[in-house]
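Student: got a structure for you, letters missing:
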């Protein structure tokens, strides 16, 4: 996906760069590029997904109690 920043009358180059950076961060483009930089085996993806679920469950237990 292309990120396009259109210049408004009176915008400086610094303002355009700031708008571009904001769009890149909000679109999570850099995070996606870092993730795709190297190939991950399906088993590793599954392992990371399971550890993330485990971490979230542990967080929810602390936050809401173990009754859930």
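Tutor: Done, it's in. Quick caveat: nothing in here was measured; it's all calculated off a predicted structure. Residues are numbered from 1 along each chain as shown.
Student: and the residue nearest the centre of the chain, its phi and psi?
Tutor: Central residue check for the chain by CA atoms, centre = their mean: the C-alpha nearest the mean position is that of residue 28, 4.4 Å away. Recorded main-chain torsions at residue 28 are phi 60, psi 40, according to degrees, to the nearest 10.
Student: give me the secondary structure label for residue 9.
Tutor: Taken by DSSP: H, G, I helix; E, B strand; the rest coil, the conformation at residue 9 corresponds to coil.
Student: residue numbering should commence at 36 henceforth.
Tutor: In the new numbering, first residue 36, that becomes residue 44.
Student: distance check, it against residue 57.
Tutor: Residue 44 sits 20 Å away from residue 57, going by CB to CB, to the nearest Å. All C-beta spots, glycine's among them, are computed from the backbone N, C-alpha and C.
Student: likewise residue 66?
Tutor: 15 Å.
Student: now stretch 53-63, how far from the chain's geometric center?
Tutor: 11 Å (CA atoms, centre = their mean, to the nearest Å).
Student: buried set for that stretch?
Tutor: If you call a residue buried by 16 or more other CB atoms under 10 Å, then stretch 53-63 has these buried ones: residue 54.
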